[in-house]
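Engineer: model the structure of this input:
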Amino acid sequence: MTRVLLIEDDPAVRRGVVLGLRRYGHETEAVGTGEDGMEALAAFKPDLVLLDLMLPGMNGLEVCRRIRETSQLPIVILSARGDDMDVVVGLEAGADDYVVKPASGALIEARMRAVLRRIAPSQADTDVQAGPTVVGDLEIDRSALSVRKGDGVLQLAPSELKLLLFLSGAPEQTFSRRQLLEDVWEHSYYGDARLVDACVMRLRSKIEDDPRHPVYVQTVRGFGYRFGPVPA
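Structural biologist: Take a look at the predicted model:
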């Protein structure tokens, strides 16, 4: 059973989402403010957070940033407007995906499941090889779902980790944003490229020595992204 923390200030939306979540068998805690959400994190220990952006007091962007300071817990934004700049800022702050309100319970469930699958090793990943892959100063352990750079373990959000695993599994192969949306985010339609671009930006800030001149995740102008090659 998945434990879901819903942070949403609209009582009607909160009731509707909770009913949908419980219908799918999730254990749910729902709160109406960012401050209450931060308190609930420690007490409820959720597996995933559904986060509204427009909250009274501490807004959703600040909640997202604070969660990312200490945790790689999956975060899905709930937004009333799909073209809202707050969505972009939320993705840059560390959210893994977003859902535009109003949304059906089935859509929310599908997005949640897709995010949660990013923190579970796939058979393809574990079958690649038994030991870690070393590329430059990165050590990628697919079975343990961990990435090291130098002497330290990198704290990667679920989408960042899944993107790195996907790209590094086919080095020097270029993938379009549409391919990455389908394979990493499991969006079956041409979704929002902002998801990909924001995730690439966050990933580069963690794995690259100089994100302005990336070595690992490179841009293929006008098409998409690829992993490497890494200079000797």
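
Engineer: any weak-confidence spans in this protein?
Structural biologist: Where the chain drops to pLDDT under 70, the residues are 81-84, 121-131, 188-191, 229-232.

Engineer: which residue ranges of it form strands?
Structural biologist: Under the criterion DSSP state E, the chain carries strands at the ranges 3-7, 27-31, 48-52, 75-79, 97-100, 133-135, 138-141, 146-149, 152-153, 175-176, 217-220, 224-227.

Engineer: could you redo the ones you listed as a markdown table and give each row distance to residue 65?
Structural biologist: All C-beta atoms are positioned from the backbone trio N, CA, C, and that covers glycine. Shown next, in a markdown table, are the strands of the chain (distance: least, CB to CB, whole Å):
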| stretch | distance to residue 65 |
| --- | --- |
| strand 3-7 | 14 |
| strand 27-31 | 18 |
| strand 48-52 | 11 |
| strand 75-79 | 10 |
| strand 97-100 | 16 |
| strand 133-135 | 30 |
| strand 138-141 | 25 |
| strand 146-149 | 22 |
| strand 152-153 | 21 |
| strand 175-176 | 29 |
| strand 217-220 | 22 |
| strand 224-227 | 25 |
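
Engineer: among the ones you listed, which is nearest residue 206?
Structural biologist: Proximity of these to residue 206 was assessed by CB to CB; the nearest stretch is strand 146-149, lying at 7.8 Å.

Engineer: chain center to the closest one: distance?
Structural biologist: Here the centre of strand 146-149 is set off from its chain's centre by 17 Å, with CA atoms, centre = their mean, to the nearest Å.

Engineer: so which residues make contact with the longest helix anywhere in the chain?
Structural biologist: If you go by DSSP state H, the chain has its longest helix at helix 193-207. Helix 193-207 has contacts (CB atoms under 8 Å, 6 or more residues apart in numbering) with 87-88, 91-92, 94, 97-98, 138, 147, 149, 154-157, 159-160, 163-164, 177, 180-181, 184-185, 187, 211, 214, 216-217, 219, 224-225.

Engineer: mind redoing it with 6 Å?
Structural biologist: With contacts defined as CB atoms under 6 Å, 6 or more residues apart in numbering, helix 193-207 is touched by 88, 91-92, 154, 159-160, 163, 177, 180, 185, 211, 214, 216-217.

Engineer: with stretch 59-72 instead?
Structural biologist: Contacts with stretch 59-72, where a contact means CB under 6 Å, 6+ apart, come from 34, 37, 51-53, 73, 75, 89-90, 93-95, 155, 157.

Engineer: and those, which two are furthest apart?
Structural biologist: 52 and 155 (24.6 Å).

Engineer: ok, the two, which is more surrounded?
Structural biologist: The neighbour comparison of residue 52 against residue 155 (other CB atoms under 10 Å) goes to residue 52, with 24 against 15.

Engineer: quick one, what contacts that one?
Structural biologist: Applying CB under 6 Å, 6+ apart to residue 52 gives the contacts 7-8, 60, 78.

Engineer: would you turn those into CSV with neighbour count and distance to residue 41?
Structural biologist: Formatted as CSV, the contacts of residue 52 follow (neighbours: other CB atoms under 10 Å; distance: CB to CB, whole Å):
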residue, neighbour count, distance to residue 41
7, 29, 10
8, 25, 15
60, 27, 14
78, 23, 17
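
Engineer: just name the closest of these to residue 42, please.
Structural biologist: Of these, the one sitting nearest to residue 42 (CB to CB) turns out to be residue 7, at 14.0 Å.

Engineer: quick check: closest non-adjacent residue to that closest one.
Structural biologist: Spatial nearest neighbour of residue 7, excluding adjacent residues (CB to CB, 6 or more residues apart in numbering): residue 37 at 3.8 Å.

Engineer: give the contact list for the one you found.
Structural biologist: Residues near residue 37 by CB under 6 Å, 6+ apart: 7, 31, 63.
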